[in-house]
Every structure is written in structure tokens, then in C-alpha cells.
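Chemist: make a model of this:
(4 chains)
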Amino acid sequence: MELKDSEADAQFRKELRVWLADVVPSLPSPPDPRDRWASRRFDETWQRLQYDAGYAGIAWPKAHGGRGATPTEHLIFLEELARADAPDVGCGFVGQGHAGPTLIAEGSDEQRAEHLPGILDGTKVWCQGFSEPGAGSDLAGLRTRAVRDGDEYVVTGQKIWTSFAQVADYCELLVRTDPDAPKHKGITWLILPMSSPGIEVRELVTLQGEAEFAETYLDEVRVPVANRVGEENDGWRVAMVTLSFERGTAFVPEMLESLRLVEDLARLSERLRRGRGPAWEDAGIRRELGTVAAELDALWALTKRNVTRGESGTVPIVGGSSFKLYYADVRHRLGDLAMRVLDQAGLVLEDLPDLTVGRHVEGSLHAFAVSIAAGSSQVQRNILAERVLGLPKER
Amino acid sequence: MELKDSEADAQFRKELRVWLADVVPSLPSPPDPRDRWASRRFDETWQRLQYDAGYAGIAWPKAHGGRGATPTEHLIFLEELARADAPDVGCGFVGQGHAGPTLIAEGSDEQRAEHLPGILDGTKVWCQGFSEPGAGSDLAGLRTRAVRDGDEYVVTGQKIWTSFAQVADYCELLVRTDPDAPKHKGITWLILPMSSPGIEVRELVTLQGEAEFAETYLDEVRVPVANRVGEENDGWRVAMVTLSFERGTAFVPEMLESLRLVEDLARLSERLRRGRGPAWEDAGIRRELGTVAAELDALWALTKRNVTRGESGTVPIVGGSSFKLYYADVRHRLGDLAMRVLDQAGLVLEDLPDLTVGRHVEGSLHAFAVSIAAGSSQVQRNILAERVLGLPKER
Amino acid sequence: MHFDLDAGQRELQSALTRFCHDLFPVAVARESGEKGLDRGLWRRLADMGVFALALPDSDGGAGLTVVEQVLAFEVLGAGLVPGPIVGSTLAAGLVEGASTGDVVVAAVTATDGPVLVPGLRDADWLLVLHDDRVELVEAAGIHGDLVSRPLDPTSPLTRLDAIPSGEVLLLGAASDALCRTASLLTSAALLGIARRTTELATDYAKTREQYGRTIGSFQAIKHMLADMLALAEVASASVHAAGVMLADTSAEAERAVAGARVLAGKAALHNAATNVQIHGGMGFTWELDAHLYLKRARLLSVSHGNVDAAAETVATQLRGALQ
Amino acid sequence: MHFDLDAGQRELQSALTRFCHDLFPVAVARESGEKGLDRGLWRRLADMGVFALALPDSDGGAGLTVVEQVLAFEVLGAGLVPGPIVGSTLAAGLVEGASTGDVVVAAVTATDGPVLVPGLRDADWLLVLHDDRVELVEAAGIHGDLVSRPLDPTSPLTRLDAIPSGEVLLLGAASDALCRTASLLTSAALLGIARRTTELATDYAKTREQYGRTIGSFQAIKHMLADMLALAEVASASVHAAGVMLADTSAEAERAVAGARVLAGKAALHNAATNVQIHGGMGFTWELDAHLYLKRARLLSVSHGNVDAAAETVATQLRGALQ
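Modeler: A predicted model of the protein is given here:
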């Protein structure tokens, strides 16, 4: 059992660090996130730099243009990016993390040749069309219909949480091709060009007040059968394949951000008054800061264990779901603690003069994204109980 | 909406207070609780004094020898007894609270004439034979069999949590008389003389290390049919009638004890060191003491609302189950807080020199009795969800 | 003792509930945050007698007590009614035109740290509650910056460099009583949020289907809802009891008012958060109202006191009672 | 980086698990509490190499590190193995005969307040861990009272008027390292309890029937068990990482060791309590073992540190890291 870098990993980290020290300061300042096209351009610039330096597709196989990094190298990559304050993946998120790996695993040679290069060099943006208003936790209950018409599918329905749909070139789309089959058996995976007629994208404002997501309405949108990935009605399996790409690194960037949040809150607590002294002098507040920090340290250790175990296959369920469940809980407690420390200063979503409160208040709301999205805490508990502990399945 | 005593209630309280001030100091000191027969004698003495003063059967109708007090008077009675440090009801608990009221509601004139006087004057002790090892939360799943043989039932089975069985004269016993009927329909309520042949009582030690309870083994015990209360196979209804006696006062004595616990813990926290100063100087500890005190105050207010509503019938489910669920949670948090304040001093079940720690450590264990017995917290949540909020029933 | 609502009190709550339902749907709160308080609606609220409940008949009031004010604020809180309702209620009888809704009065408890005043944008006057006195300041003369992104989008927030000084209106016991009323009415509004979010989450759980059944048939959801109900129920006993004790000027009112903030604050924050969670992805949208209850609860929980300070007050009272 | 057990470490845990299962059923812990430590069994434990894991080969040890000690104590904790196992492990190499089980060594961290020493009744020596030094005292010379009703009936407790003084064994860095090891091995035992109670509660939920079905089919119970599992899983990452950092004498070891106590303490107390709750009425009996895990967890959670002090240490380290 070892936490230190191997010699090869240390070398990888060192080279990466040198490159980041060079490239990050040279980046333009990021645009207003509300300007989605400017953001897309910024993300493309950053991706191109990574591409040129050989870091694009860090976890993709070399045969498909990736770097073929081990999970441990992937972890180091994310850790060093955060350490260097490098931009996050931005609108390349779906293409690099989901659509690309799915095409690698299940796409045809033609599909790969057409799509992988644009994802790697940042010129093509993908969004994800999985969730629907009626199919959240129960994703397989999706109802967007695709009817075969010659060599096209005609797709009608509504998708939600299609992040970056406003600027995307393609959508990885799940549709129902057989409404009579059991719900997992009638789903198909399609590549939807977002320029197709019949698509309407509406911005979806979250409770954080940001239009990070979109709703996508599909009205008789025609998708060539050639755009199907995998067999007709086999789309659920294709979509689930993506899960096997998870190397325990999914939450690394935001976990590292959480550690920064608790550090910043500790700093703030020395400046914000509470009763007669600074909040830091309140033993209860101090202990809760220490507890959250200890829990984030523990989750960081669990991440390393998950990544280690992921080296020889997929991350075990117990580690993945335990992480997600516990992390969501820590984020809620961190948010609640921040609101208590900030008191009235926590009533604004923007920074106050000399007080970096905005990120903490945003963070307290973001906690709900963590406990709801990507398998709610209730779903994670079901998974742990049924698939790890072997308790009887809910019907 | 009013919390003050009415004139009549104030008068009742005043007279009671005068009597208690007179009688309580004259009581002998209570015996070692492990000496069950001495305890029974002590409880009888105390009951006899109440009987002579007209307070026995405080909530029983006058027609049956009780005082016929209103629920509010009942609450005042319990409040003043606690305030005067009077003994608790002791082994009269089952007779006065359950068996007697059941006989009043469902018994025959003969049964009432035979049994009520002894309960009221403290000379007869009852125990409760409802729960079984296999029938806890699911009480109606009980399996103790009674087979009719002429004018007797022959009873075989095992009961658990039969408090005071060691010294009881009678047992209020639920048995299964029709094993083929739906489970609620085959139960009968019997008066079991504890002197009957075939009864074996074994002390049941709880995790608090005390033999407060017993297991009762019944091996072909013969019970006259004349001892049946209500009809054969109608025992579930008879047992449930008892619930309608609940006037919101069931937890009053121990709630008042909880308030004393938190007060004593506040006192202890000024004397126990924690880091560089007394625990009381730790803002986090102080807030948690304040929180528990506020919650107990709130539960006391809820008790008064439940009692008020109980004046015109039974306590509403929402008030009763909310009380039980929340109170169990508070008791667990109070216990955990006490253990943190006491630190190593909390490792003993007895008092330390100059430190009244025993009651707090016992209390931290007693919390489990509150969250498990008389409808576990899980059962209370089901009741609130299904019977108050109208959510679908668990099959 | 009769610790339950009497017929008049029940009628007060149901009349006000109907009124809020008709005139103050949540859209009104949203619009009020963006565009400013609708003075016409504000006068309708005043016409319902909300601000004047505790004024004597002779002053155009209902001659009732803080108990009825508490019951009214429970309903107003549940309805996310916008505007400085606590300030205008406190000001009724102190500031000309407050009780009739002709002037709008915001209120703030003076604290250290950044001063953020809800509702000042739309107010004519500001009541400042100090430890030992209550002051009145004309809003027009106060220099402050409107916060561009307040957490609660239905409550405009003005940032001041310092608490402004004004005319002293009350001192001593009268000032103390006003501060306690401010705290308790805020707690009553929090209680309203705790109750309403329980209802909303229950309704949603009964209709939303996943996995071919309503989510309310899952025991995990049922138990979350049961906990919400119990929290709201116990908090309501606490808030109502504090109202009675404050009306009776009981010696234990300070402990009771602080305890009410602890219970109502916790219940509102927990229930509003759980309501968002039960609404799932939809709860995470701006479009649905779930987030508004959470944000209002955050605002109220730090207005005229906060949960931590209240817990400390109860502890101090507890120790005092032992000596 | 390879943050997972290697084959040898897995074998160590399974061999020790089998050993505890065969020789240390819970009945042994019960009997040890009542009648005293069985010296024969103690020597069998020593023969398994438990105390000498981190001793060099030349001293009859296994030449391993604190990482393997941590893994061993996880198993010993899960097994409720009685006796001063932490003390004797710390003493191996310092006190003649400790590693072979010929002498039994208890250990206590010097604190203010009442001094209660677990295991002293059955020990030959007492290690006293001070802030700045470690002292050794002969047990026979210590005057104390045996507690008649210790909370944990499997761990005898002796009350001392004051910490006795003895021979100084270690100072400075060596003393600090020993104190951290004492804290971490205790946390490892807590982790073992967190894991074992999850298993026991799961097993019970799979067999116990109420309402005509196993209670483990109720979602409320399933979710309680899932939370227990996640707590144990995250705590294990924390405890193991602290072991690695302590073995590497990493600068972050102090924060990691304190963090491990926070995680393992909370997980053990929560899971042991939930195990009692899931066992229902039976969990409330003396006869079943459920209460013993809770009581041992209470004892360990305040031995060689406690959760609150550990959280404070992490906070202090957090602030230090910022400067």
C-alpha cells in the first residue's frame, strides 16, 4: 500500500508541471460564462494547446489518438491542472468524457474517423441527450420516440439537462425505438447533428441563476440510420458501456475545488465576526471546519484507492457509490457551515467588498446538483444496499 | 390559545402541591431496584398513599373508582409529581395504565369487580404479555397459541419484555386462538393469573445491565374461558382500545427527567475540563446544550397541545407520532452530547467522586429504548407518512 | 390551559390563506423581486388587517395579541409574501401610515459585519433595532448599493457601509419587546415555510412517477416526508408557545423566543432543502418554485437573530435558571 | 501510487480474521471482562505476531510497518479482542516480554480530569503517554480502584487519583511517533467495529422477518445499511492513508492521523448504534452482542485522543497549511 508516485509517475508529473507552468500564464483571461460562444472559443484554445502538447484524450487509447494514460496518470493530470489553476474541460466535457469513449468502444470505423479527431483537437463540441423531464433517476423510462423511415430515424421528444446544447455540433442521443419492449430493451443510441432541422434549444436556468444547461425539443428530426451506434434497441447497453470508462476520476476536479472552498472558508472565518470575536475563535465552528477537511481528505484517499482498483478494470461499486453518497453529504454540510459562518454575508451570490463570499453561496446551492445529478443519493443507497450488500431488490 | 392554568386547574395544582410537600418527605428511601420484592412493597406503599388521598386512578372514570381527572389535570398531576421528586408509578405501571383501563372499557362487571380495586390500592401487580421474540414491530404477528379445552384455554408460547413479571399477580396476555384467520383476526385477550402452573419467568437483562424486564415461557398453561376479555378472536381490537386511553401524557415523566438531564449536563459542563477551560466555555457545546433544551421545551409545548386536543377525544396521530419520533432523536443527541462532554468520565455506569455521571451514561443507553420500544422510529415514520400524509401503504 | 387555536384563530389563518392564494401567488413574489413592490397589493395586505392585528381597536387595529400576529406570519411565510412585512407590522402604531399600507417600513437588527437590508429598496422608512433602543430613519436619506444578485431573488437587498442613525422611537422594555416580536414573527414565517414545503413535497411525491410508480410509494421518500412533518409539527408547538409567553409577558419569553428560532430555523432550512431534493432535477431548476422557499428560509434564518445565536441564548437562560 | 492492500496484507488480514474467529469469539471478551484476561490466549495472540509486526526481524518481529499494524488492529477491533492490545503493541521492543505476550502492558494518554485506565487490572506494566515523553510504570505499584460498572463490560477499568510517574522511555520525536501510533491503532480498531457492525446488521436484516418479509427488504432499513457501508468505506480509506503517511513519516501525518480518528470514530459510533437499532428489541438485550460493539466503540473513541480534539487538530493543521 503506497501513496507516493512511482518513478514513472513522478516523471510524468514533473513534465506536466513544467508544461503547465509555461502554458497556463499565457492563456487569455476567461470570458464571461454567459457568453457561450466566447466560452466555446476559449475552451477550444485550451484544448488545442493540450492537443499539441500530447495531453488531449488523456485516458483514450493511443490507437485512437489519445495518450493512453493509466488511471493513476489521469489522476495526476487532473491534480496538476487544479494545482496550476488551469481551466477546466469546459464544453469539451461530453465529447471527451462520454461520446468519444463510447464511439471508441462501440462505434464503427467510419464513425470514429469522422468524429474522434474533432473531439481531440477541440473543434467539435458534443452535448448529451439522455435525461428527459419524465426520466430522471429512472433514465431507462425515457420516451423520446424514433420511428424508422427508410434509412432515417424520425425523432420526436424532449430532452433536459443537455449541457452546452446551445453551442454543440453533435448530441449523443438516446431514443426509444421499440415502445413495446421492456424499457431497457427498446432504446437506441444515435449521433444527432445539432444543425438538423426540427431542433429547438431553450436555455434552462438552474437555481444557481445560471443557464448552464438547456432543454432540447425534437420535432420530427431526421437522423440517418448510419448515425446509429451499436444495434437498434441495444442502446441501453451502449450507454452503460460509458460507465466502464469511469476510472474513479469523475469528481476529482470538483473535489479539489471543495478542498479549496474549505480552506477559503477557514481564511474567511478569521475575518468574519461572530459574537465577540472572529468566527475562527468559536470552537464549534473550528471543529466543523476540521471535520469537513478530514472528510475531504478521506474522500481524496478513497479516490486514490478507487483509481488504484480501476487500474485493473472498473472501479468497484462499493468505492464509487460510497464516494458519491458521502461526497454529496459533505458538500451539503460544507454549504450549511459556510452559510452559518457567513451569516448575513451569505445572502448574496456575488462577492462583497473584500469578502470572497460568492463561491461559498454558489457552493451551498451546488450541493444539490451533487446529491441529485448522476445518480441521486437515494439511488446510490439502493445500489449499495442491493448490489453490494445483497439485500432484496425493490420490485 | 393559552398556557396558563384555569382557575380550577390552579386549585387542583395547589392542593396537590400541598399534599405532595407533606407526603413525599415522609416516604421511606427507595430500596435497591435489584430487590424486586422490596421494590414492589415500596411501590405499593406509595400507591396506597395516593389511593387514600384520592389520586389513584387519576385518569380513570369515577364510576370505576378513579378520580376522573381531565387530561389537563392528569398532566398537572404528572408535572407536580416530578417537581416534588415523588416516586414513579413503578410496578403499578401496567395495571394502572393498560390492564385497568382495558377492563373498564371491555371487561365484564365481574372482571371489573374482581380486579380494579386491587390495581387502585396497589395490592395487585400486573405485567404485559404482548410482545414475542418473533413479534416486535409487527405485534400482530404473535404466535403464542391458545387451544380451547372445555371451559379453559391451554396456552403455549413465549412472551418477551414482560416487565415486572417476576413479581406480578396477573398478566394481560394476547394469544392466537385462530391460526388460520388473517393475523389481526385470530387473537384473543386473556387475564392470566401468574400463579398458574406452567409459567416460567426468566429475567431479561437489558444493555443497561439491569433486569428490568423478563421473558415469560408458557407451557400448556390453563386459563379459564371466564378470564377472556371481549370475544374470542377479537383480542386485537381489545388491545387497540388501550391506545385510545393515550392522552398525550405517556412520556411526560421521562420528558421531565430529560429536561433535568440537560440541566445537570449544563452544570457538569462548568466543572468538566475540555482543552484549556471548562466545557461550558466551548461555544459549540454550549449551542448544542441550548439546542437540546429548546427542543425539549418544544416537545413540552407539543405535549400540552396534544393533551389539549386529547380533551375532546384522542390525541391526533400527527401530534403523537411526531412527538415520539422527535423525542427519540433528541434523546439520542442528548446522549451523544453527554458522552462528548463527559469524555473519559463517560466510561462508567456509576457516579464518580463528585461527578453525577451515571445517569447520563445510563441515559445515553436508554435512548435506544425510546427509539425502539412502543413503535420504533421507523414505525412512527410509516405511520406519519401513510396515515397523516396519505402516502401509499407498504404492502 | 388550552394550548390550541381557538375558532377565531383558525378563521384568521384560513381567511389569510385564501387571500394569499388569490392575491399572492409565487409569481407575485418573483415579480416583486425584479420590478419592485406593488404598492396596490401592499395596501390590500394592509386592508386585510395584517399589520394592525395587535393595534387597539381605537387605532384601527383588531385589538389582538402577538399570538395572532404569529399565526398570520405563519401563513404569510408559507405564501412567500414579498416586501418588508415584519418591519411594517412592527411599525404599525409607531409610524404614521404603516398600518394602512400607505407607507412601507423595512426593519433591520443592527449587527456587526456587512449590513445588508432586505426590502429597503421598496421602503419609505427603516426601523433599526439596536440592543437598547429602536430608531427610525427615512429611507430616502440612506446611501446604499442595491445588491445585483441577492440569494433570494424575491427579496431585494441593499448594502450599507454602516447602520444609519435616526430618531429614537423606543427605549428599555418597549424596545426589548419589539426586538423579541421581530424575532418571533420571523420565526413564524420560517415555520410557514417548513409547513408549506412539507405539503409541496408530499404533493409532488404523490404524482411524480419513476420506475413505474409514484415516488411517494418508496419508503425512503416516505420517511423523508415523515421527518419533515415531525420537524414542522414540533416547531409549530415551539413558535406558538413562544407567542403565548410573549403575549403574557412571561419571564420565560426570552428563552421561548430564542427556542422558537432554533426550532423554526432548523425545520425551515431542512424542509426547504429536502423539498428541493425530493423534486430531483426539477427542484434544481429556476423555473420551479422549490428553490425560492430555500432561499427565503436562508434569508429569514439570519434576520433578527440567527439559529446559532438563539441556541446560545437558550443555553445562557438554561444556566441562569439553575442559579 | 498503489493505494490498496497487497497480497501479503490481504493474507495478514484473513489469517488474523480466522484466528480471531477460532480463538476469540465474543464470549471470550465477555469472560475476560468478568474474570480477567486469559494469559494463555494472550500468548497465542503474541504467537500470531500481532504485537511484533513492526519489530525488526532481528528482534523476533516481522519487519513490517505501522501499515500492517493498522490492518491487524482493524481485524482485532472487529473481533472485540479483549485486553490492552494497543499498549502491548506499543511496548513491543520497549518492554521486555511484551512482544511475546509474557508480560501485558496497558497504555494511557495522560489527560486532565478523571483518570480511567482500561486494562490495567490485567497488566504488568503501564505505559503513560505524555505530551512530550513516554513513561513506564510497574502496575503492581499503582494504587487505583477497579470500577464496578464499566460501560464496556469487556474492558476492565481502573480509576486513579492521578497519573503515576515512572521511568522515562522516550522523548521528542520518538515519543511523538508513539503517541500517533497509539491514536491510529485505536482508530483502526474503531474502523473494524464500523465494518463488523455493518456486516452484522446486514446479516440480521436478511434473516429477521416482520410483516411477513425480511426487514432487509424495507427500503428504510436498506438505506440505513447503505449509509453504514459508505461510512465504513470512507473511514477505511482515511485510516489506511494515515497508516501509509505515518510509515512514510510524511509531514502531513499529524493531520492524517487526526482525520482518521474523526472518520473512524464517527463511523464506529454511528454504525454500532444503528446496528443496535436495526436489531430492535433484541438489540436492546444484554444477551445479544450488539451493545458490546457500541460500548467498545465508546471506549475506543475517547482512548488516545477523541473525535472532537481530532477535528480541532485537523482545523489547526488546515490553517497552518494556509500560512
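Chemist: element containing A:Glu220, please.
Modeler: For A:Glu220, the host element (DSSP states H and E) is strand A:213-224.
Chemist: partner strands of that strand and their direction?
Modeler: strand A:152-160 (antiparallel), strand A:199-204 (antiparallel) (DSSP bridges).
Chemist: could I get these as JSON lines with distance to B:Ala211, mean neighbour count and mean pLDDT?
Modeler: Where C-beta positions appear, they are placed from N, C-alpha and C, glycine not excepted. Listed next are the strands paired with strand A:213-224 as JSON lines, based on distance: least, Cβ to Cβ, whole Å; neighbours: other Cβ atoms under 10 Å in any protein chain shown; pLDDT from 0 to 100:
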{"stretch": "strand A:152-160", "distance to B:Ala211": "61", "mean neighbour count": "21", "mean pLDDT": "98"}
{"stretch": "strand A:199-204", "distance to B:Ala211": "63", "mean neighbour count": "17", "mean pLDDT": "96"}
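Chemist: contact partners of the strand holding A:Glu220?
Modeler: The contact list for strand A:213-224, computed with Cβ atoms under 8 Å, 6 or more residues apart in numbering or on different chains, reads A:127, A:129, A:144, A:146, A:149, A:151-166, A:171, A:173, A:190-193, A:196-204, A:206.
Chemist: try stretch C:26-45
Modeler: C:23-24, C:51, C:80-83, C:85, C:100-102, C:104, C:119, C:121-122, C:150, C:152-156, C:289, C:292.
Chemist: and if we set it to 6 Å?
Modeler: Under the contact criterion Cβ atoms under 6 Å, 6 or more residues apart in numbering or on different chains, stretch C:26-45 has outside partners C:Leu23, C:Leu80, C:Pro82, C:Gly83, C:Gly101, C:Asp122, C:Pro153, C:Thr154, C:Asp289.
Chemist: what of stretch C:68-87?
Modeler: C:9, C:12-13, C:16-17, C:20, C:24, C:26, C:29, C:32, C:37, C:42, C:50, C:53-54, C:105-107, C:119, C:123, C:127, C:154, C:182, C:185-186, C:188-189, C:191-193, C:195-196, C:243, C:296.
Chemist: how far does it sit from its chain's centre?
Modeler: 5 Å (Cα atoms, centre = their mean, to the nearest Å).
Chemist: what's the answer for stretch A:328-347, then?
Modeler: With Cα atoms, centre = their mean, you get 23 Å for stretch A:328-347.
Chemist: next: stretch C:110-128.
Modeler: With Cα atoms, centre = their mean, you get 15 Å for stretch C:110-128.
Chemist: what about the residue of the stretch 101-250 of chain A found nearest chain D, distance to D:Leu231?
Modeler: Here the residue of the stretch 101-250 of chain A nearest chain D is A:Gly248; by Cβ to the nearest Cβ that distance is 10.7 Å. The span separating A:Gly248 from D:Leu231 equals 19 Å under the rule Cβ to Cβ, to the nearest Å.
Chemist: next up, the contacts around the residue in the stretch 251-395 of chain A positioned nearest to chain C.
Modeler: Per Cβ to the nearest Cβ, A:Leu349 is where the stretch 251-395 of chain A lies closest to chain C, at 4.0 Å. For A:Leu349, the contacting residues are A:Gly358, A:Val361, C:Arg149, C:Leu151, by Cβ under 6 Å, 6+ apart.
Chemist: before we move on, what about A:Trp236?
Modeler: Applying Cβ under 6 Å, 6+ apart, the residues near A:Trp236 are A:His184, A:Ile187.
Chemist: how far away is it from B:Asp354?
Modeler: 69 Å.
Chemist: returning to what we had before: return the subset of the contacts of stretch C:68-87 lying in helices.
Modeler: Assigned to helices by DSSP state H, the following of the contacts of stretch C:68-87 qualify: C:9, C:12-13, C:16-17, C:20, C:26, C:29, C:32, C:42, C:182, C:185-186, C:188-189, C:191-193, C:195-196, C:243, C:296.
Chemist: hmm, which of the residues you listed are the buried ones?
Modeler: Among the ones in helices among the contacts of stretch C:68-87, the ones that count as buried by 16 or more other Cβ atoms under 10 Å in any protein chain shown are C:9, C:12-13, C:16, C:20, C:26, C:29, C:32, C:42, C:182, C:185-186, C:188-189, C:191-193, C:195-196, C:243, C:296.
Chemist: chain A: helices as residue ranges?
Modeler: Secondary structure of chain A by DSSP H: the helices cover A:7-23, A:36-53, A:71-83, A:93-94, A:100-106, A:109-120, A:235-241, A:252-269, A:283-310, A:317-342, A:358-372, A:377-383.
Chemist: the last one packs against which elements?
Modeler: Packed against helix A:377-383 by the contact rule (3 or more Cβ pairs under 6 Å, 6 or more residues apart in numbering or on different chains; DSSP states H and E) you find helix A:317-342.
Chemist: is it correct that A:Trp161 is in contact with A:Phe130?
Modeler: No - A:Trp161 is beyond contact range of A:Phe130, at 7.9 Å (criterion: Cβ atoms under 6 Å).
Chemist: those two - which one has more neighbours?
Modeler: Neighbour tally, A:Trp161 and A:Phe130, criterion other Cβ atoms under 10 Å in any protein chain shown: the higher count belongs to A:Trp161, 24 against 20.
Chemist: burial measure for the residue found closest to that one once you drop the neighbours it is linked to in the chain, as a count.
Modeler: With sequence-adjacent residues excluded and distances taken as Cβ to Cβ, 6 or more residues apart in numbering or on different chains, A:Trp161 is closest to A:Ser131, at 4.6 Å. Applying other Cβ under 10 Å, we find 21 residues neighbouring A:Ser131.
Chemist: mind showing which ranges of the stretch 51-200 of chain C have poor pLDDT?
Modeler: For the stretch 51-200 of chain C, applying pLDDT under 70 flags the ranges C:113.
Chemist: that older thread, need phi/psi at the residue nearest to A:Trp161.
Modeler: For A:Ser131, the backbone dihedrals (degrees, to the nearest 10) come out as phi -70, psi 150.
Chemist: you'd agree it is up against A:Gln158?
Modeler: No - look at A:Ser131 against A:Gln158 with Cβ under 6 Å: they stay out of range, at 10.0 Å.
Chemist: the closest residue to C:Val67 other than its chain neighbours and A:His332: what is the separation?
Modeler: Sequence neighbours aside, C:Gly243 is the residue nearest to C:Val67 in space, at 4.3 Å (criterion: Cβ to Cβ, 6+ apart). The gap separating C:Gly243 from A:His332 is 32 Å, by Cβ to Cβ.
Chemist: check A:Asp85 too.
Modeler: Distance check for A:Asp85 against A:His332: by Cβ to Cβ, it reads 26 Å.
Chemist: between the two, who's got more neighbours?
Modeler: Set A:Asp85 next to A:His332 and count neighbours by other Cβ under 10 Å: A:His332 wins out with 18 against 11.
Chemist: mind pulling up the pLDDT for the more buried one?
Modeler: We have a pLDDT of 98 for A:His332.
Chemist: repeat for the one 4 residues further on
Modeler: According to the model's per-residue confidence, A:Asp336 sits at a pLDDT of 98.
Chemist: number of nearby residues for it?
Modeler: A:Asp336: 17 neighbours (other Cβ under 10 Å).
Chemist: A:Ser29 too?
Modeler: That count, for A:Ser29 with other Cβ under 10 Å as the rule, works out to 5.
Chemist: what's the most distant pair in the contacts of stretch C:26-45?
Modeler: Farthest pair in those (Cβ to Cβ) is C:Gly101 and C:Asp289. Separation: 25.3 Å.
Chemist: buried ones among the contacts of A:Leu349?
Modeler: Judged by 16+ other Cβ under 10 Å, buried ones among those: A:Val361, C:Leu151.
Chemist: so how far does stretch A:142-162 reach from one end to the other?
Modeler: This stretch, stretch A:142-162, spans 14 Å end to end (Cα to Cα, to the nearest Å).
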